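> Prediction below, plus the sequence it came from.
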Amino acid sequence: MYSWKSHFSVLADYQHWANEMLFNSLDHLQEEVIGSDQGLYFNSIHHTVDHLLLVSQVWLARMRGANMEANYRLINHPDFRELKLALRRETRKLQSWLDEQPETFFEAEISFSGSDGKPRNMWVREALTHLYTHYAHHRGQISAVITRLGGPCPEMDFVYYRREMDKVISEVK
């Protein structure tokens, strides 16, 4: 049965998979390149990945009814290997938390303070759609930098994820 919960459960798993595809391509670059200014909104690949982690933490806090202060100008995880591990954990943490929520949660509205401090309301499904498209936006920027630097282009499209999952499911059967 299709539901918002099942939809976002699959998309949560896809985020983890797409991050792994990105990390596999990033592993071909030198660490100093990952930390250097590459013309991204957050300048470096490192800062952009750090932003993905921070945004995930902020939105999970909002969906839990809490407020999390965030400074997007700082790199919160200076060691890139630790940052990748932290993003892996955070992505799975969000997925597990969403899986624990009742179906009605995905039909609910959340209230939170925006980054400008103003009160905001948003449907959970819209907040998750924003979060997941935000990830794709920044992963796409990083992907362009990887290929510009001569690294392998990460194949992160959702259709590739579905094909891989279908293959795994057929092998298990």
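Right, received. Where do you want to start? Residues are numbered from 1 along each chain as shown.
> can you give me the strands for this protein?
Counting by DSSP state E, the chain has these strands, from start to end: 109-113, 119-123.
> Quickly note the distance from the nearest residue to Leu60 once chain neighbours are set aside to Glu171.
Closest residue in space to Leu60, ignoring its immediate chain neighbours: Leu94 at 5.3 Å, by CB to CB, 6 or more residues apart in numbering. Where you see a C-beta, it was placed from the backbone N, CA and C, and this is true even at glycine. Taking CB to CB, to the nearest Å as the measure, Leu94 falls 27 Å from Glu171.
> go on, Gln95?
Per CB to CB, Gln95 is found 22 Å from Glu171.
> Pick out whichever of the two has more residues nearby.
More crowded of Gln95 and Glu171, by other CB atoms under 10 Å: Gln95, with 19 against 7.
> pretty sure the more buried one contacts Ser9?
Yes: in this structure, Gln95 is within contact of Ser9 by CB atoms under 8 Å, at 7.1 Å.
> list the contacts for the residue nearest the centre of the chain?
Centroid-nearest residue in the chain, with CA atoms, centre = their mean: Tyr135, separated by 4.3 Å. Contacts here follow CB atoms under 8 Å, 6 or more residues apart in numbering; on that basis Tyr135 touches Gln15, Ala18, Asn19, Leu52, Val55, Ser56.
> One more: Asp99?
Lys5, Ser9, Ala12.
> For burial, what's the neighbour tally of the last one?
Spelled out, it's Ala12. When neighbours are defined as other CB under 10 Å, Ala12 has 20 of them.
> Could you pull out the buried residues of the longest helix seen in the chain?
The helix that spans the most residues within the chain, counting by DSSP state H, is helix 124-148. Buried positions in helix 124-148, judged by neighbour count with 16 or more other CB atoms under 10 Å: 124-125, 127-128, 131-132, 135-136, 138-139, 141-143, 145-146.
> can you check stretch 49-68 too?
The neighbour-count check on stretch 49-68 (16+ other CB under 10 Å) flags 49-60, 62-63 as buried.
> repeat for stretch 2-20
Neighbour-count burial for stretch 2-20, with 16+ other CB under 10 Å as criterion, is recorded at 4-5, 8-9, 11-19.
> Adding distance to Lys167 and pLDDT, write those residues out as TSV.
Formatted as TSV, the buried residues of stretch 2-20 follow (distance: CB to CB, whole Å; pLDDT from 0 to 100):
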residue	distance to Lys167	pLDDT
Trp4	26	95
Lys5	25	96
Phe8	23	97
Ser9	19	95
Leu11	19	97
Ala12	20	97
Asp13	15	97
Tyr14	15	98
Gln15	19	98
His16	17	97
Trp17	13	98
Ala18	17	98
Asn19	20	98
